[in-house]
Structures are given as C-alpha cells and as structure tokens.
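Participant: Return atomic coordinates for the entry below.
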Amino acid sequence: MVVRTRKKVTKYRAHTTHGGGHRKKRRGAGSRGGRGNAGSGKRAGQKKAGQHRVFGKKGFLPRRMSSGAKAVNLHYFTLKKVEALVLAGTAAKEGDVFMIDCAKLGFTKLLGTGKPGCKVSLTIAAASPKAVEKVSNAGGKVIVSGSEESVPASKDESA
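Facilitator: Have a look, this model is predicted:
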C-alpha cells in the first residue's frame, strides 16, 4: 500500500512567512544592508568604509619609463647566450671576439651590472662609463654609434 504524504510547502500555505519566523526576517538583501558596497555612509557601514577598491590604471608614469630607451646589462652577454646569437644570425664571430650589433636586438643603452662572459665587440647607441671599462678589461670594445668613437681592446694599444 502506497502512503501518500503531503509536501511540506502545502503545510505553509496561507501562512505569511512559510516558517521563516517574523515577517521582517528573510526579506532579501535588506537584511544585510544592501547588495555590494551599499550602506557605506554615515551609519552602520564601519567595515564597508575601509574597502576602497579602484579598478583600472591610475596615477602617473615616471619619465624614466616613458623615454622608450631599452637598456641591457653586461651580465646578459654570457658565452652561452652569445653563441646562441651567432647561431641565430644576429651576431658574428671574428677570431675569439664576438661582434654584436645591439640595435638588432632592440637595445639602446649598455649598463655595467655584471661581467661579460667572453670577449665582445658591442655596437650600441649609448653606454655607461662603467660598462665600457668592464668590456675593455675583458678584452673587447664598445662602439658607441652616436659619437663614432670606439674604446680599444686593451690599454696598451691606445697609448
């Protein structure tokens, strides 16, 4: 014999709150003060007032980042990296010196952090004095393309 039980919802028919307690409760977003960041005004919004969220990009861009110059440090030119550049065709090897045109790589300035991994002859638009000194001490030279001056491979040749 099949027992037919009535559904719970039928028990709540004709009752205002359907078992939710007082009629003011379970009303929706009003019981939690609104949806999202609503209610961050003078009263009852102490926690919401500190949740300041800003989306998108704002602020200023420093001049050093907007110049468009792309710098490279000396530690970029390791032996493994330079040999890979030779295989790719962006560098050439003459004797034991690697000839690299940094404009082909997209670099405009040479900086002096690190040590070059091998003898390199770099052609670049600008270079720091420390970078030029380190490259010449390693047996290479830096050719600054803007001023047509080159730094010799060793100090004995320049004297």
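Participant: Let me see the ranges of the strands in this protein.
Facilitator: 71-73, 91-94, 97-101, 109-111, 120-124, 126-127, 141-144, 149-150 (DSSP state E).
Participant: Next, format those strands as TSV and append mean neighbour count, distance to Arg27 and mean pLDDT.
Facilitator: C-beta here means a position set from N, CA and C on the backbone, and glycine is covered the same way. Converted to TSV, these look like this (neighbours: other C-beta atoms under 10 Å; distance: least, C-beta to C-beta, whole Å; pLDDT from 0 to 100):
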stretch	mean neighbour count	distance to Arg27	mean pLDDT
strand 71-73	16	62	92
strand 91-94	15	73	92
strand 97-101	19	72	93
strand 109-111	20	65	93
strand 120-124	21	70	94
strand 126-127	20	69	92
strand 141-144	20	75	93
strand 149-150	12	81	48
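Participant: With respect to His15, which of those strands lies nearest?
Facilitator: strand 71-73 (75.3 Å; C-beta to C-beta).
Participant: and the closest one, how far from the chain's centre?
Facilitator: 16 Å (C-alpha atoms, centre = their mean, to the nearest Å).
Participant: Indicate which one of the strands of the chain is closest to Ala14.
Facilitator: By C-beta to C-beta (comparing all of the strands of the chain), the closest turns out to be strand 71-73, at 78.8 Å.
Participant: From the contact counts, what lies against the closest one?
Facilitator: Contacts defined by 3 or more C-beta pairs under 8 Å, 6 or more residues apart in numbering; DSSP states H and E place strand 71-73 against strand 109-111.
Participant: name the helices or strands packed onto the strand it packs on?
Facilitator: Right, strand 109-111 is packed against strand 71-73, strand 120-124, strand 126-127, helix 129-137 by 3+ C-beta pairs under 8 Å, 6+ apart.
Participant: what sits against Lys119?
Facilitator: 96-98, 138-140, 153 (C-beta atoms under 8 Å, 6 or more residues apart in numbering).
Participant: Low-confidence stretches in the protein?
Facilitator: 32, 37-58, 61-67, 146-159 (pLDDT under 70).
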